[in-house]
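Q: Output the structure for:
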Amino acid sequence: MKLVYRMTLLAMIVAAPLAHAQAVRNEKNISLELAHQIAAASVAACQANGSAVTATVVDRAASVRTVHRADNNEVIGAVGVGGAAARHLDEQCAITAIDKVKDQLK
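A: The predicted model follows:
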């Protein structure tokens, strides 16, 4: 009986840190400074090609970290879709949505 008790106690001691490790996670995320650098570089690259764009950088949870908009942006709006199984499916969803309201965009 003492052996069973000791084995059970040992199993609990070994398992406790493992259970705790599964409950607490360390995850990397983008810093605000890096998000600003990426957005600014994106806007600058497009401006160099004659395009006035808006760049939005999101974190790993798709929460917006920063938005940079170029001066003289004549576009009235844009849509960004992400999360589908493939990039072309994201684009299809956006195009379908725009097509449904294109008469209102005139």
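Q: helix, strand or coil for the residue nearest the centre of the chain?
A: Centroid-nearest residue in the chain: residue 62, 3.0 Å away (criterion: C-alpha atoms, centre = their mean). Look at residue 62: counting by DSSP: H, G, I helix; E, B strand; the rest coil, its state is coil.
Q: quick one, strands of this structure?
A: 54-58, 64-69 (DSSP state E).
Q: Any chance of those in JSON lines with mean pLDDT, distance to residue 100 and mean neighbour count as columns?
A: (Each C-beta comes from the backbone N, C-alpha and C, glycine too.) Listed next are the strands of the chain as JSON lines, based on pLDDT from 0 to 100; distance: least, C-beta to C-beta, whole Å; neighbours: other C-beta atoms under 10 Å:
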{"stretch": "strand 54-58", "mean pLDDT": "90", "distance to residue 100": "22", "mean neighbour count": "17"}
{"stretch": "strand 64-69", "mean pLDDT": "92", "distance to residue 100": "25", "mean neighbour count": "15"}
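Q: mind putting those strands in JSON lines, distance to residue 75 included?
A: Converted to JSON lines, those look like this (distance: least, C-beta to C-beta, whole Å):
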{"stretch": "strand 54-58", "distance to residue 75": "8"}
{"stretch": "strand 64-69", "distance to residue 75": "10"}
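Q: Out of those, flag the one nearest residue 103.
A: strand 54-58 (24.0 Å; C-beta to C-beta).
Q: Quick one: mean pLDDT for stretch 89-97?
A: The predicted model assigns stretch 89-97 a mean pLDDT of 92.
Q: So what touches it?
A: 79, 80, 81, 82, 83, 84 (C-beta atoms under 8 Å, 6 or more residues apart in numbering).
Q: And for residue 82, the neighbour number?
A: By other C-beta atoms under 10 Å, 10 other residues sit near residue 82.
Q: circling back: what's near enough to touch the residue nearest to the centre of the chain?
A: 82, 83.
Q: ok, now with 7 Å
A: Residues counted as contacts of residue 62 (C-beta atoms under 7 Å, 6 or more residues apart in numbering) are residue 82.
Q: Touching, residue 70 and residue 55? I think so.
A: No: using C-beta atoms under 7 Å, residue 70 is not in contact with residue 55; the gap is 8.5 Å.
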